[in-house]
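Asker: One predicted model, sequence on top.
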Amino acid sequence: MTKEQQLQEGETSFLESEGYQYIKQLDEEILDVEGLDHILLSTIGNTPIIVVSTHKEDTYIEVVLQGSTIDMIQWMVGVEKIHPTIQFKIEKITHVQSVTKLQCKIRENHKK
C-alpha cells in the first residue's frame, strides 16, 4: 500500500467516523479553527510524530511537533495534498540532544 493510499484510507475512515460531525463547516470549503485542529491531529495520529503542544488563535493554530525532520516534512506535504487550502508557516526548528522540534502556524488560505 502506498503512502497516498494510506492517506486516502485515513481520510475516508475519518470522514465516516463520529468525530467528523464535530467539525463545523462555515461553507463547503472553509473550516473553522476547531475543524482544522481536528483534521490535523487526526492526520498526525498515524505517524511517528508527537504533538508537543497546540495553541489556537482566531484564524490559525500554533503547533509544536517532535519527530524526525523527514517525517514532519512528509506529513506537511501529505496534509497539503489532501487539503490544498491549508498553509503551514514554519516558525522555528530546533535540534537539541537528538530531539528535533518544529514550531509552525497552520491556517487555511481562503483565497483561490
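Answerer: In hand now; what should we look at? Treat the numbers as computed from the prediction; the structure is a model and nothing was measured.
Asker: helix or strand for the most centrally placed residue in the chain, which one?
Answerer: In the chain, the residue lying closest to the centroid (C-alpha atoms, centre = their mean) is Leu40, at 2.9 Å. Per DSSP states H and E, Leu40 falls inside helix 33-44.
Asker: where along the protein do the helices fall?
Answerer: 3-16, 33-44, 69-82 (DSSP state H).
Asker: What lies in contact with the first one?
Answerer: By C-beta atoms under 8 Å, 6 or more residues apart in numbering, the residues outside helix 3-16 that reach it are Met1, Tyr20, Ile39, Ser42, Thr43, Asn46, Gln74, Gly78, Lys81, Ile82. In this view, the C-beta of every residue, glycine as well, is placed from N, C-alpha and C.
Asker: Need the worst-confidence member of those residues.
Answerer: When those are compared by pLDDT, Tyr20 scores lowest at 53.
Asker: Quick check: the residue of the chain most remote from its centre vs Val52, distance?
Answerer: Within the chain, the residue lying farthest from the chain centre (C-alpha atoms, centre = their mean) is Gln97, at 25.5 Å. Going from Gln97 to Val52 by C-beta to C-beta, to the nearest Å gives 14 Å.
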